[in-house]
Structures are given as C-alpha cells and as structure tokens.
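Trainee: Need the 3D shape of this:
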Amino acid sequence: MTKERVIELLAEHLDVDASTITEATTFEDLDIDSLDTVEIMMEMEDEFGIEIKVEDIGKTVGELIAHIDANKE
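Mentor: Presented below is the predicted three-dimensional model:
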C-alpha cells in the first residue's frame, strides 16, 4: 500500500502519469527541484504520520518507500 500511495502522491504533485513512476525511478528522472522536495516531504509526512528529513529521501522512489515503511507506525 505504501508504494502505491507514494507513487500516487508523486504523480499528483508533479502532474505526471503514475504508470511512469517505478521504485527504480530517481528523483532526478522526475526533475524534482528543492521546492518540490520540501512540498513532497510535507505531503508524505502528513500522509504517513512520520518525520522525513532530506537525507532520508534517498535517490530513488524505492528508497523513499523503504524509509517510510521502516518508520511508519
């Protein structure tokens, strides 16, 4: 469930087709800038009830999903 929700939130925020985002997709591939990063982190924190720091995000969507799964209650 985390994977699907993370991909859905990213797709909505970036206005891209969710089917183009996989766990191997990098944030560089998504062309995410620093403002996007902060906004996405805040959305993920609200959605999953955890604190996320920039260094926790990793380089891929899969790394972000793994961090969320490891820290959500």
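
Trainee: pull the helix or strand with minimum mean pLDDT from the chain.
Mentor: When each helix and strand of the chain is scored by mean pLDDT, DSSP states H and E, helix 34-48 comes last, with a mean of 93.

Trainee: what's the offset of it from the middle of its chain?
Mentor: Remark: helix 34-48 is offset 8 Å from the chain centroid, using C-alpha atoms, centre = their mean, to the nearest Å.

Trainee: Check what contacts that helix and list those residues.
Mentor: Applying C-beta atoms under 8 Å, 6 or more residues apart in numbering, the external contacts of helix 34-48 come out as 2, 5-6, 9-10, 13-14, 27, 32, 50-52, 54, 57, 64, 68, 72. No exception for glycine: its C-beta is placed from N, CA and C like everyone else's.

Trainee: which of these count as buried?
Mentor: Neighbour-count burial (16 or more other C-beta atoms under 10 Å) is assigned, among the contacts of helix 34-48, to 2, 6, 9, 10, 14, 27, 32, 52, 57, 64, 68.

Trainee: mind checking the backbone torsions on residue 26?
Mentor: Main-chain torsions, residue 26, degrees, to the nearest 10: phi -90, psi 160.

Trainee: can you pull the contacts of residue 65?
Mentor: Residue 65 makes contact with 2, 3, 6, 23 under the criterion C-beta under 8 Å, 6+ apart.

Trainee: Same list (those residues) but as TSV, adding secondary structure and distance to residue 39.
Mentor: Shown next, in TSV, are the contacts of residue 65 (DSSP: H, G, I helix; E, B strand; the rest coil; distance: C-beta to C-beta, whole Å):
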residue	secondary structure	distance to residue 39
2	helix	19
3	helix	20
6	helix	14
23	coil	21
